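Undergrad: Everything below, folded, please.
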Amino acid sequence: MPLDEETKKKLISIAEKISKGTGIVSVVAYGSRVSGYWRKDSDYDMIVVLERLRPSAKYSYGMEEGLYYSALLVDNKSFKKDCESGYLGEFVCGRLLNRFEVLTGQDYIKECEATYKRRVVVETVQELLEKYGPLSDQLIFNARYVLFNKLKKRAFLYPPVAYSYIKTYSGPSGEENAEFATGEIERQMQMLCSEGMLLRVEKGYMLSSRAEKLVKSYPLASSFRLAKLGVRQYVTHGLAGRVGVDVAFKELFSKIGRVKEKPEPPAELVDPRKDLALSEGKLVFGSDWLDALAQDIGAKDFKHEAESIGEFFATTTIHKLIFDGKVFTFVSKRYQDIWSLKWMVASLVALTARTFETRPMHRLANEYKGFLHLRMLGIRTPKVYVVAPEEKVMAREHLEGYSLEDMIREKGSDAVILSYVAKFASALGKLHQTGMSMGDTKPTNVICREEDIAIIDLEQAEENGDPSWDVAEFIYYTSTLVQEEDVWKLADSFVKGYLQHGDPRVLVNASAQKYLLPFQALVQPNSLTAARNRLLELR
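TA: Numbering: from 1, shown residues only. Got it, this is the predicted structure:
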């Protein structure tokens, strides 16, 4: 709620009196009187920036001009440094995070607000990189996430401010206050887009591929930063807060009154992650991802059936939600599992040619990005329903069909099988042309569906990977599934399919000895030779 002109004049007059002749740089009103949740006994809160002040911040309480005021006086240089780096633990500049009204020094405060909120956005980017690693560039966030994520941290450091935040964003003026607070955050996010750190998308912003290089991020950086701010804030508060007994009692009774009110906090302040999203699938935090999925499909009362599928070390489960006479089938994969150690073993076996990704979050992110990327190329992959990063779980569409490996085992070099092999190779060549490799091309990861194929496992996919390994693994591995006379036919179909989109040099490179070695103990020598010879024909 804007202050009336008479009140503004009185507050400026009060600021001049309490500054005691020191030059005033700016006067800013904030708090309940500006944000619309004031009571009759509420003070008028002010920041008064002075040319010089020692200590750097000091409170002044009292009644002047018929108004009860609470002024926070701050040294100009210290205030600027607080905006730039949290010099005062954001004890002063943090008040610019919410709604305020500039009484004098408009340009100065707008510049300070821009400096502070740019830093808040950049620190949010650092935190996303730190927390979600390889999945961070798939997250969509907005200015509200930046705001409420920061407010929650400030409330953690200094719990008494929680009341103000709740009242500011949950009352009648809540949305108006949020719009004001996010205005400059939005402008800074747009500027960071022009600088290459962020990307503008339909529902908000995403980190660009350059974000990690532009922002210094390291483990526990956010925690260290928060701890440092907390220490500085309490030191500043201690130095600034030396007041008389009467003022202390007034503040005490005010806080007791606040406790009695117990206002309901807005959902975004309780959990700012509600403003995070993905371009596909629901982002779920916590262990209740199954209930979240059920809610999304309208299953209120349901029966749940689950069964592990795949190899004996499978981390994949097929689920059925039975409700209202319907059956909804989907698949989940848990990436943080003891059986994920299989990739360590696989790396040892393929030591001469390939090192496999073992980290759970990286494998989840690889698969999520891979599914979306291949689908953009026109290659069928499962739709993603839910991603639960804390649980390292992804729930996705269940695609009906037959494993290409099972079909090769059963029918060898049958014409239908050769057609499926060529289609998979064509898709692989198309993928390689975009600079991405699949990483694990065993035919168990391919589903045959009528006249088409779908790729259902991409947890080893990566940009700038090794396309020749993809070729070698498929050709040499499938040689273990068939009779010797079928090996060349399968390899030939693969080569012809791959050359529809792929680079023949990739096929030639796949014949190198380093790719052959991991399979020598698994494949008959004559079969290996037949498969390799088909690749060598392209020289």
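Undergrad: where do the strands sit along the stretch 251-400 of the chain?
TA: 277-278, 282-283, 303-309, 316-323, 326-334, 384-388, 393-397 (DSSP state E, counting those that start in this stretch).
Undergrad: Out of the ones you listed, name the one with the poorest average pLDDT.
TA: Lowest mean pLDDT within those: strand 303-309, at a mean of 92.
Undergrad: Show me what that strand is packed up against.
TA: strand 316-323 (3 or more C-beta pairs under 8 Å, 6 or more residues apart in numbering; DSSP states H and E). Bear in mind the C-beta positions are built from the backbone N, C-alpha and C, glycine included.
Undergrad: Flag every buried residue along the strand it packs on.
TA: Buried residues in strand 316-323, counted by 16 or more other C-beta atoms under 10 Å: 316-317, 319, 321, 323.
Undergrad: what's it in contact with?
TA: 290, 293-294, 297, 299-310, 327-334, 395, 398 (C-beta atoms under 8 Å, 6 or more residues apart in numbering).
Undergrad: one more time with 10 Å, if that's ok
TA: Applying C-beta atoms under 10 Å, 6 or more residues apart in numbering, the contact partners of strand 316-323 are 290, 293-294, 297-310, 327-334, 337, 393-396, 398, 456-457.
Undergrad: Restricted to buried residues, select those in ChimeraX.
TA: To isolate the buried members of the contacts of strand 316-323 in ChimeraX, using 16+ other C-beta under 10 Å:
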select :290,293,294,299,302,328,330,331,332,333,334,337,393,394,395,396,398,456,457
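Undergrad: excluding its backbone neighbours, what's nearest A454?
TA: R380 (3.9 Å; C-beta to C-beta, 6 or more residues apart in numbering).
Undergrad: Show the average pLDDT along the top helix by length along the chain.
TA: Assignment by DSSP state H gives helix 106-132 as the longest helix of the chain. Across helix 106-132, the average pLDDT comes to 97.
Undergrad: Also stretch 457-476?
TA: 96.
Undergrad: Could you pull out the buried residues of it?
TA: The neighbour-count check on stretch 457-476 (16+ other C-beta under 10 Å) flags 457-462, 465-476 as buried.
Undergrad: Redo the strands of the stretch 251-400 of the chain as a markdown table? Include distance to D492.
TA: Converted to a markdown table, these look like this (distance: least, C-beta to C-beta, whole Å):
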| stretch | distance to D492 |
| --- | --- |
| strand 277-278 | 41 |
| strand 282-283 | 44 |
| strand 303-309 | 32 |
| strand 316-323 | 32 |
| strand 326-334 | 33 |
| strand 384-388 | 35 |
| strand 393-397 | 33 |
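Undergrad: Low-confidence ranges, the stretch 151-300 of the chain, go.
TA: Across the stretch 151-300 of the chain, the ranges flagged by pLDDT under 70 are 242-262.
Undergrad: one more time with 50, if that's ok
TA: The stretch 151-300 of the chain contains residues with pLDDT under 50 at 243-245, 247-253, 255-256.
Undergrad: where along it do the helices fall?
TA: Along the stretch 151-300 of the chain, the segments classed as helices by DSSP state H, counting those that start in this stretch run 161-170, 174-194, 211-214, 221-240, 245-261, 267-270, 289-296.
Undergrad: If you compare the directions of the first one and helix 174-194, what angle comes out?
TA: Okay, so that is helix 161-170. Note on geometry: by axes from the mean of the first three to the mean of the last three C-alpha atoms, to 10 degrees, helix 161-170 and helix 174-194 are set 90 degrees apart in direction.
Undergrad: Which secondary structure elements does the next helix or strand after the longest helix of the chain sit against?
TA: Downstream of helix 106-132, the first helix or strand assigned by DSSP states H and E is strand 139-140. For strand 139-140, the elements it packs on are helix 106-132, strand 204-207, strand 277-278, judged by 3 or more C-beta pairs under 10 Å, 6 or more residues apart in numbering; DSSP states H and E.
Undergrad: which one of the helices of the stretch 151-300 of the chain lies closest to P55?
TA: Counting by C-beta to C-beta, P55 lies closest to helix 221-240 out of the helices of the stretch 151-300 of the chain; the figure is 4.5 Å.
Undergrad: and that closest one, what does it pack onto?
TA: If you count contacts as 3+ C-beta pairs under 10 Å, 6+ apart, helix 221-240 packs onto strand 57-64, strand 67-75, helix 76-85, helix 106-132, helix 143-157.
Undergrad: and with 6 Å instead?
TA: strand 57-64, helix 106-132, helix 143-157 (3 or more C-beta pairs under 6 Å, 6 or more residues apart in numbering; DSSP states H and E).
Undergrad: that older thread, would you check that the residue nearest to A454 makes contact with I453?
TA: No. If you go by C-beta atoms under 6 Å, R380 and I453 don't touch, sitting 7.1 Å apart.
Undergrad: P55 in helix, strand or coil?
TA: When classified by DSSP: H, G, I helix; E, B strand; the rest coil, P55 comes out as coil.
Undergrad: I'd assumed L239 was in contact with it.
TA: Yes. If you go by C-beta under 6 Å, P55 and L239 touch, sitting 4.5 Å apart.
Undergrad: What is the burial count for R539?
TA: Residues within reach of R539, counting by other C-beta atoms under 10 Å, total 9.
Undergrad: Skipping adjacent residues, who's closest to it in space?
TA: Leaving out its chain neighbours, the residue that sits closest to R539 by C-beta to C-beta, 6+ apart is V508, at 5.7 Å.
Undergrad: residues near the one you found, how many?
TA: 16.
Undergrad: now do the same end-to-end measure for stretch 44-55.
TA: Using C-alpha to C-alpha, to the nearest Å, one end of stretch 44-55 lies 23 Å from the other.
Undergrad: distance between that stretch and the chain's centre?
TA: Remark: stretch 44-55 is offset 38 Å from the chain centroid, using C-alpha atoms, centre = their mean, to the nearest Å.
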